[in-house]
Structures are given as structure tokens and as C-alpha cells.
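Chemist: Got a predicted model here, sequence first, then my questions.
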Amino acid sequence: MKRVWVYQCNRFLHDEEIARIEDILSEFVLQWTAHGNQLAGSFSIRYGLFLMLMVDEEKAMVTGCSIDKSVHLLKKIEQELGISLFDRMQIAYRDPSSGNILIVGRDTFSSLVRDGGVHAETIVFNNMLTQVDELDKKWEVPLKDSWHARVFL
């Protein structure tokens with residue numbers, strides 16, 4: 001099984017910031033271990049907004065300590081770049097009219113749903129996924145098919 005952790009930035013990253021994050025994460029995954037065992041780690045940055053850390057657990061299992069190492073590193077990235085990767089109060093979605101990705105707070109998103117600016121078919125990003133094989137079909141999904149529906153519809 002390949003695990004994934006999806007972290008959403010509070011704003012879109014600039015090209016230089018993406019390059020810096022790629023440098024940091026490239027070095028990190030090369031030395032990422034769990035109880036002395038090398039993890040088969042990788043990463044992806046999508047849309048200049050989402051950081052994804054992945055581990056192939058068929059090669060070595062992730063542990064609490066190895067997850068803590070990744071969180072610690074991401075917090076360092078936050079400090080260095082002045083961004084937030086752990087703000088679960090931000091919702092990313094595709095604007096129904098333009099298809100552009102927008103980021104708003106939960107209250108604003110709730111108002112958009114109430115006022116019809118966002119509806120059941122609006123594409124949202126389900127960052128709660130835990131398996132890489134879910135990314136293609138369960139990450140960008142209509143609001144009605146995501147955890148967002150329980151909160152906002």
C-alpha cells in the first residue's frame with residue numbers, strides 16, 4: 001500500500017518557493033527512515049498549492065516517529081517561506097464558472113454554498129485521503145461526494 005499525506009498551502013506558491021520546497025523534500029525523502037529502515041518516500045507539488053508526501057509501505061512501514069519527522073520538516077518549511085500548511089480552516093475548490101482553483105475560509109465557503117456560488121457539483125479537494133491510489137478518483141471530487149457535504153450541504 002502506498003500512503004499519502006496531502007498538505008494544502010494557505011496561498012499559491014511562487015516558482016522560487018516551489019523550487020526551494022522541491023530541494024528540501026528531495027533531500028528529506030532520500031534520508032527518511034523508520035526505526036533505521038529506509039522509507040520508499042516521494043513527494044509531489046500540485047497546482048502550486050498542495051504538497052503531497054508519499055511512502056510505499058510494501059518496502060518499509062511508516063512509524064509515528066517517521067511521521068513526526070515529516071511534520072517537523074513541514075513546519076520548518078512553513079517558517080522559512082512564511083506559509084501555512086496545517087490550516088484546516090481553508091477550503092480549496094474550483095470556481096464553477098472559470099474552473100480556477102480558489103481558497104477561502106470555512107465561513108466564506110459556507111456563505112458561498114448558502115448563496116449558490118458553490119453547489120453540490122462544485123469540485124472540491126479532499127485532502128483527507130490516505131492512499132495514493134485514491135488520488136486520481138477521490139481527490140478532486142464534486143462537493144456532494146466529499147466529506148465537505150456533511151459539513152456544508
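Modeler: Perfect, I can see it now. Numbers count the residues shown, from 1 in each chain.
Chemist: Domain boundaries for the chain, per the record?
Modeler: Domains of the chain are assigned by automatic domain parsing as 2-81, 90-126+133-152.
Chemist: distance between the last one and the chain's centre?
Modeler: Here domain 90-126+133-152 shows a centroid-to-chain-centroid distance of 14 Å under the convention CA atoms, centre = their mean, to the nearest Å.
Chemist: first to last residue in that domain, what's the distance?
Modeler: Using CA to CA, to the nearest Å, one end of domain 90-126+133-152 lies 13 Å from the other.
Chemist: what do you get for the longest one?
Modeler: Terminal residues of domain 2-81 lie 28 Å apart, using CA to CA.
Chemist: and stretch 21-36, which residues are buried?
Modeler: 21, 24-25, 28-29, 32, 34 (16 or more other CB atoms under 10 Å). To be clear about C-beta, it is placed using only N, CA and C from the backbone, and glycine gets the same treatment.
Chemist: likewise stretch 84-97?
Modeler: Per 16+ other CB under 10 Å, stretch 84-97 contains these buried residues: 85, 90-94.
Chemist: Output those residues in TSV, with pLDDT, distance to Q38 and secondary structure appended to each entry.
Modeler: What follows is the buried residues of stretch 84-97, written out as TSV (pLDDT from 0 to 100; distance: CB to CB, whole Å; DSSP: H, G, I helix; E, B strand; the rest coil):
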residue	pLDDT	distance to Q38	secondary structure
L85	97	25	coil
Q90	95	34	strand
I91	96	36	strand
A92	97	33	strand
Y93	97	37	strand
R94	97	38	strand
